[in-house]
Every structure is written in structure tokens, then in C-alpha cells.
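*Asks:* structure here, sequence nowhere to be found:
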């Protein structure tokens, strides 16, 4: 079915009515490639009233231009064929009633051989009839021949149209053979006496449309129309027909924009989308430009191949440059002057291949692919090399030049290596390390096999690979170190190896660090920048050996034996001290207050608005968390996030994990989960081990603290797709979540054995910090569940002893709570009171909530027990971990299965806290800048999760708690 072609059809019908009363006409229908001229002409007779019309039809073709009178043959053959199959009305003129049923039987001696050839008699060799085959011997003048044939043709057409008007349809007239064009132009110039309408279609922009004989026909046209592109509404109708459902507005708009309303583009793109299973919805709008249908590409390639050289060259230049070429740039690459480029652009626009007139941008990427389709590989490489030189000469960005160099088949010029390195730097700055590595590998192909220049390229390549492939990074650093003569240069190169803050550096990487450090010498014997390098190498070696108990003990000893404050003036000094503090924190042997004090000294000298914190901050995050003192770190992270937001910078995955770790240390599980999940999917699937391990560790901890086994399963599944399982911390956390699921399945003994095995592994490497590695509390609860109270009490005493050595409030308070819960007498209650007292000085509000809950249960009845219970519930709700009041009244909770109820989201926690403080729904909406219905939705979810029915029970739940913390 043709769309939006009614006016053109009516135009032809009016011309037929005029021809019936003796006013013949030549109608010319033009338009770009694929606009639907042939389809319209093919369907024309079905839309017209042709009961009393004779139809003659011919289609010219590129490959048939050398067949003389080929179009005229088709016209008369179609007349006879249509008469025999009933398309034309019965002949009453006698022209077609002669024996043989062909118009050729009644033609004159001049046209009979011509028309007989169309009926099947072959023409003489060479494609054109010889004059002696057509004429008596006396008519050997070519002009007389044409005039005689024209006279006979007009007489024949006059006789054919005597009873009924003729509708003569010639498609793609620009490709008609010369002889047919001569006769058509002569017929158009002498229409009188012939009751006929001649309708020709012409492709705009085709080179042969400028042929003199074609122009003679088109110039004689009495009326000309240009088929318009389909409207947005018609595009939507085609989408519905092809894909079986109405398309979203955005999808239809994308189809219309990508096709320009051209039916050929749409009828190629839509079936391809259907075959790919793409539904016409807004999220799939991008697929319209992503597809490159092969039939459409081949048709476009054939069209471009037939163009004149300037048009072919300009289209090739545009395809090579890609996107919207700068004014004059494509023309220069194609070797055209301004006038030549203007003319070639005009042809491409008339062909319907540009987004707009005078704009060197194809309407769809498939046009660019078609322009490249008729290039050989060598030609394409040569085009790209010339494009790179042109872009470099005209001062385009290095990444644009580098993209052309990547596709060039020939070696680069002298300037190419510098451009590729600059492009790699730009790619790294915008967060595309793999693209940067591609540029640098290309630069290596043109670099000498030895020397400092190749070493610098290898170092840059390793720097890019450091973000996603640590093994490749180490391999290329090793190659660079072998090419460098200076110990200083070798040390600087070795520091490009991934620090391995969480995932271990490989033995070969450690060997490179160790060897370059030995070549450089100890820091005490060096000055200035050499000393800085030595300190950084020392720091990298120290945290590379973080699973060596002797190294951890040595770090503690070194910190204790210092007679003066460690220097923190330079970046290297801060990194060295951070590595010492990190090792000491893992061991749990350095007092928490001292570790936090030294970490604060470092943090005060690291600006939140500048670079220089990438290697230090992850270490400090572990130190502050392990010391249970995260306020200074939280303020620093908030300042950095505020700066990044104001500067419009993207969030770094590690920065999100650091925020999540702070929330985890404060017991804010909902906020910790929210920040960690923002990077978990990306980190777990990437090769960036530190981000993956950190995300896994935080989310696994959240799953353990909230009893969310579904989250634990998802984290374990995601960790298996990346490198997170190479890290001891994340591996341990995953094993603990597995133990939790074992307990849920009733496998108590296996669960306890798994937890104890994790503990032994941590103890073996010297990781004894009870804040960072709280495995004993889980083992104690499982022992208590199994009835082995003696072992549980012994393990609780060990936990308390470790906590006293560290001195962190959360570790001491948690140990006291465990000891008190295991006793169950008045001394146990005293221990629980001490736990509450100590935990009020801790950053971890969730542990305080648990201690309050345990003390409330120990007291059982009375006003104090009720107040403690309400305060506990309010704190837990603010942390995003809830327990229902019914459970508090039912007795002792499951010691191995902490709080499995759904957690409140950060927003739900905030809304519930405000409601519990007496805020009305409208006041909460004003405070948060949302609508009242949003507030009602969050409150409804909170009531369901808390197991209460409404605001009155929420107020009762929070009664006696004082102010409700909404700290984030």
C-alpha cells in the first residue's frame, strides 16, 4: 500500500481526462533514490480509472542502455501483453486484431522490423538495426530514417489512441537508450493528434539525468512533480505494519530522523529491526541507527558507484571522516575545490543521502558504509592516512587524528607517535583506559625496538592497562625497565605497577619493585626526588606483603620505636606512613587512638579538591574504620563529593566504595548498600580488582549484618564474574555469607566449621583487628546455638582480649555484649550495661542498638527496659535494619540469624524518623522537597517492614528515645 501519494495519482487522472478530449501531456515525476517513484508508477494503474485507457509500460535499466530501441520494445510488448491478459480494454480500432496479435503486424515497413524484434526476433549483432535491414535502399539518410520512424510511430500511436487515450509509463527515464530517448523527445515535442499521457520518472542526482537526450525529454514536460518524503505519521504507520504494534513516539521519531522519511530506508530498516527482535519502544530507539541492513547498503553502493568521480570521492571522504565533516574538510580530502565540493554535495543532497542541503553528513551511517564498500583494503588505508595528515595539519584534536592513524595501513609520519600519546592521555582523562591502550599499541608499531622512546611508550601503555589488566601492566613495565639505563628511571617506571591495595601484586611484579628499590638504594641515603621514589617503593613493597605476619609486626614495631612524629610533608612521606598504619591496623596491635591520630595528620594534608589521594585514601579508609573513628574521613569525603558535584566530574568507583565503607562503620546499612551497589555491577564485571574486591566486601558485610541472604547470593554470583575472589578480605566475607546460608538450611555444624576456618585463615596471616574482621562474634552465636557454651565463653574472652589491645569502642562494646549475653546473671547485666556505655562513644549506631536491645531483654520488665527497647528500635530504623516488636516480646532471638526483616531504604528511614519526631506528612514533604503522596508511600512501606499499623504505633515505638538521629 502506498502512503501519501494521493495527490500525485489525482494529477495523472486529471491528465487522462484532458487527453481524452485531445489535450495530451508529458508528466515528469522526480525524487531522490528510494523515494518510491517506481512503486508509485507500478501501482498507478490500480489507483486510476483505466477502464477506457490503453496502458503501455517500460522500465529503463542501467545495464540496458546499449540496447537500441529497448524502451520502445517494452512499451509495445506491454501493449500486446496487457491486451491478451485483459489489463487493457478490448481493441476496437483493429490495430491489434491483425494476425499474430501484435502491433508489429500492422506497422509500416519502417517500424515492423523494430517491433518484431521486440516480439522475439533478434536484432542484428551490435544491438542496433542496420539501415539496410529497416529501409528500402533509397532511404540511407539517418536523419530521414529517424523522421520516417517518428512519423510511423506517431501514426501508430494516433491509431491506438483513436478509441481510448493512451497512458504511457516510463520508469527511470534517465537510463533509457539513446534511440528511445530521441523518439520520446520527438513525440513529446509533437503531441498534437495523439491522445496520450506520457508519465516518466527521473532519479534526482543521477549523472545521466544531465544527458542531452534525457534533458530533451524532461524539458518538454508539461508538468513536473517531486515526490515528498513520508511524514512522521506515515512513518508511524509503517512501523505499525512492519513490527506489528504501534511504536513509542521516541522510537518513531528516531526512525523518521534516521530515514529522512525515505520509504526505501524505512522498508530496509524496519524488517531488520523485526528480525533482530527489537520492539518499537523508546529504550530501543538507538537501535535504528545501529543497524546496517545489507540490502540497503548494497543498493546505496551501486548508486554511489555509478556517480561521477567527484561525487564518489566526496562520499568516500565523508565516510572516512565520519560524523559531520567540517566545512570544506571533506572536499579537501577528496581533492575538490570549493565549487567542486558544492556541486558534489548538491548531487548527494538530490540523491537524498544528506541530512540537509550543504551539510557534509550522511542521513544514516549505512550510507557511509556503502561509500566505503567499493574501496579496496589498500585504498581505505590510504584514505585514512591522508585524513590523519589533513586533520593534524588543520589542528584537530589528537583523538580524532589518532582514530584515523589507527585505521591507516601505512606506517605513521614523524609526528604520529606524539599524536597517539596525546590522544591516549585524553582518553585516560575521560575514563577510557582501553581506548588509550589501543592508541599506544599503535604507536609501538612505529617505534624503534630499543631505546628510551620505546620505554616511554611501554610505560604509558602500562599506565593505561593498570586500570583494567594488571598482568599486562606488569609485563610492559618489565619490558620498559629492561630498556632503561638509570636506576632513577627504572624506579619511576616500577611505580606504575598497580599498587594492589586490595588484590595482591603478582610475584613478578613484587620482584620488579624489589629489584628497582635495591638499585635505587635506601631512602635515608638519598635526597630530593630520588628519596621520594625510594619511599614510594618501600610503601608499595610493604602493603604488597600485607599477608606476611612478620611484615605486619615490623610495621607496628617501627611506629612504636619512632622518637619523633613521622614526616608527612611530601606525598611520598604520606604514602609511606599510610602503608605503615595500614599494616599495623590489620594486625590490631597498634592502639586505635594512635592510628587514628596519625591518619588524621595525613588526611589534613591531602586536599579534597585536588589529585594525589588515589594511593593513600584507600589505606586511610581502612585505618579510620579499624580504629572506629570515621568522622574526620566522612567530612573529607563529603567535601570531595561536593567539589566533584560542583565541577561536574563523574564519580570514581573507589570513591563510592570509600563512602560505603564509612556508612558501614557507622552502622548505616541502607546507605552503605546504596553506595556500594552503584559500582558493584561495573566493578564485579571489570578487571579492576580493587573496586571489585571493595564492593564485594562491603555488600557481603551488609548482607551479614542485615541477614539478607538474597543479597548475599547476588554478591557471590557477581563476584564469580570478576577478580574480586582473589582478595583475602572479599574471599573471607563471601565465605561468611556462605556460612550464613548453611545455617539457614539447618547445617549448623558446617556453618560453624566454615566460620572457624575463616578465622584460622585470618589469624595465620596476622589479620587480628576485631573491628575489620569480626568473625568471632558469629562463631560465638553459632556455638551458643549448638549448646557449646564453654567454647563460646572461651572465644568471647579471646575477642575481649583482642578488643582491649586495639582499644576501639565498637570492638570492646561488642565483646562486652557477647560476654554479658552468655552469662545471663546480674554480672551479665552489668557487662551489658558496660557495653552500652562504651558503645555510646562508638561511631557504630547499629552495634549500640543491639546492645540496648540485649540489655532491655536482660532487664525484661520495667520502665527502663521499655525505654531501652524504644531507643534500640529507633536507632535500628535509622540504620536501615529493623526488628519487629513482637520478636522483642517473645524472648531470646536467634543468635546466628540477626534481623532478617526487610531493611528500610535511606529515604524510608528519614521519613520514618521525621514522622516519629512529630512531623506531619505535609511538613515532611516540605522538608524533603517531595509530594505528600510520596511521603505516604514511604510511610506505608516503613509500617509494613516494622510490623506496625500506623503513626500511633510508630510514635509509641520511638517514645522515650529523645532526638532521632538522621545523620547520613
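*Replies:* Thanks, I have it. These numbers were taken from a predicted model, which means no experiment stands behind them.

*Asks:* use CA for all of it now, contacts and neighbours both
*Replies:* Noted.

*Asks:* centroid residue for the chain?
*Replies:* residue 286 (10.7 Å; C-alpha atoms, centre = their mean).

*Asks:* which residue sits closest to that one, ignoring its sequence neighbours?
*Replies:* residue 254 (7.5 Å; C-alpha to C-alpha, 6 or more residues apart in numbering).

*Asks:* likewise for residue 496?
*Replies:* Using C-alpha to C-alpha, 6+ apart, the nearest residue to residue 496 is residue 463, at 5.9 Å.

*Asks:* count of neighbours near that neighbour?
*Replies:* Residues contacting residue 463 under the criterion other C-alpha atoms under 10 Å number 25.

*Asks:* give the rounded mean pLDDT of the helix or strand containing it.
*Replies:* Element membership of residue 463 [criterion: DSSP states H and E] is helix 452-465. Computed over helix 452-465, the mean pLDDT rounds to 92.

*Asks:* by contact count, what packs against it?
*Replies:* Helices and strands touching helix 452-465, as assessed by 3 or more C-alpha pairs under 8 Å, 6 or more residues apart in numbering; DSSP states H and E, comprise helix 416-429, helix 433-445, helix 470-483.

*Asks:* need the ones you listed in a markdown table (columns: mean pLDDT, distance to residue 664 and mean neighbour count).
*Replies:* Converted to a markdown table, the helices and strands packed on helix 452-465 look like this (pLDDT from 0 to 100; distance: least, C-alpha to C-alpha, whole Å; neighbours: other C-alpha atoms under 10 Å):
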| stretch | mean pLDDT | distance to residue 664 | mean neighbour count |
| --- | --- | --- | --- |
| helix 416-429 | 92 | 31 | 21 |
| helix 433-445 | 92 | 31 | 21 |
| helix 470-483 | 91 | 29 | 21 |
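
*Asks:* helices of the stretch 251-400 of the chain, start to end?
*Replies:* Remark: helices assigned in the stretch 251-400 of the chain by DSSP state H, counting those that start in this stretch are 263-275, 287-290, 294-305, 309-321, 329-334, 338-350, 365-373, 377-393, 398-407.

*Asks:* for the second one, which residues meet the burial criterion?
*Replies:* For helix 287-290, burial by neighbour count (16 or more other C-alpha atoms under 10 Å) applies to 287-289.

*Asks:* same check on stretch 209-229?
*Replies:* 209, 213-221, 224, 226-227, 229.

*Asks:* what does stretch 41-50 give?
*Replies:* Those would be 41, 44-45, 50, for stretch 41-50 by 16+ other C-alpha under 10 Å.

*Asks:* kindly report the same for stretch 637-644.
*Replies:* Using 16+ other C-alpha under 10 Å as the test for burial, stretch 637-644 gives 637, 640-641, 644.

*Asks:* check stretch 777-793 too.
*Replies:* For stretch 777-793, by 16+ other C-alpha under 10 Å, it's 777-784, 789, 792-793.

*Asks:* quick one: which of these is nearest to residue 710?
*Replies:* For the buried residues of stretch 777-793, the closest approach to residue 710 (C-alpha to C-alpha) belongs to residue 778, at 18.9 Å.

*Asks:* what helix or strand does that closest one sit in?
*Replies:* helix 775-786.

*Asks:* same for that helix, what does it pack against?
*Replies:* Using 3+ C-alpha pairs under 8 Å, 6+ apart, helix 775-786 sits against helix 748-764, helix 789-806, helix 809-823.

*Asks:* can we see that at 7 Å?
*Replies:* helix 748-764, helix 789-806 (3 or more C-alpha pairs under 7 Å, 6 or more residues apart in numbering; DSSP states H and E).

*Asks:* what's the local residue count around residue 916?
*Replies:* 22.

*Asks:* which pLDDT does the model give it?
*Replies:* Per the predicted model, pLDDT is 72 at residue 916.

*Asks:* separation between it and residue 869?
*Replies:* Distance, residue 916 to residue 869, using C-alpha to C-alpha, to the nearest Å: 15 Å.

*Asks:* shouldn't residue 213 be in contact with residue 180?
*Replies:* No. With contacts counted by C-alpha atoms under 7 Å, residue 213 stays clear of residue 180, the gap being 9.4 Å.

*Asks:* follow-up on the earlier one: residue 281: which of the helices of the stretch 251-400 of the chain is closest?
*Replies:* With C-alpha to C-alpha, the closest approach to residue 281 among these belongs to helix 287-290: 10.4 Å.

*Asks:* what does that closest one contact?
*Replies:* By C-alpha atoms under 7 Å, 6 or more residues apart in numbering, the residues outside helix 287-290 that reach it are 254-255, 258, 364-365.

*Asks:* quick one, what contacts the residue nearest to residue 811 when sequence neighbours are not counted?
*Replies:* Using C-alpha to C-alpha, 6+ apart and skipping residues adjacent in sequence, the residue nearest residue 811 is residue 803, 5.1 Å away. By C-alpha under 7 Å, 6+ apart, residue 803 lies in contact with 770, 811-812.

*Asks:* apply 8 Å and report the result again.
*Replies:* For residue 803, the contact set (C-alpha atoms under 8 Å, 6 or more residues apart in numbering) comprises 769-770, 811-812, 815.

*Asks:* same check on residue 307?
*Replies:* So residue 307 contacts 206-207 (C-alpha under 8 Å, 6+ apart).

*Asks:* from residue 548, how far out is residue 555?
*Replies:* For residue 555, the distance to residue 548 - C-alpha to C-alpha - is 11 Å.

*Asks:* show me the helices in the stretch 1-150 of the chain, by range?
*Replies:* For the stretch 1-150 of the chain, the helices defined by DSSP H, counting those that start in this stretch occupy 6-20, 37-47, 70-85, 112-118, 131-134, 142-160.

*Asks:* now do the stretch 801-950 of the chain
*Replies:* Using DSSP H, counting those that start in this stretch, the helices of the stretch 801-950 of the chain run over 809-823, 826-839, 845-859, 863-879, 885-890, 906-916, 921-928, 932-946.

*Asks:* adding distance to residue 536, write the ones you listed out as TSV.
*Replies:* Putting the helices of the stretch 801-950 of the chain into TSV (distance: least, C-alpha to C-alpha, whole Å) gives the following:
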stretch	distance to residue 536
helix 809-823	32
helix 826-839	38
helix 845-859	37
helix 863-879	39
helix 885-890	53
helix 906-916	40
helix 921-928	46
helix 932-946	50
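
*Asks:* nearest to residue 37, out of the ones you listed?
*Replies:* That would be, of the helices of the stretch 801-950 of the chain and by C-alpha to C-alpha, helix 932-946, which comes in at 56.1 Å.

*Asks:* mean confidence for that closest one?
*Replies:* Rounded mean pLDDT across helix 932-946 is 79.

*Asks:* that one: which residues count as buried?
*Replies:* Across helix 932-946, burial judged by 16+ other C-alpha under 10 Å covers 935-936, 938-940, 942-943, 945-946.

*Asks:* now stretch 555-569
*Replies:* 555-556, 559, 568.

*Asks:* that concludes my questions; thank you for your assistance.
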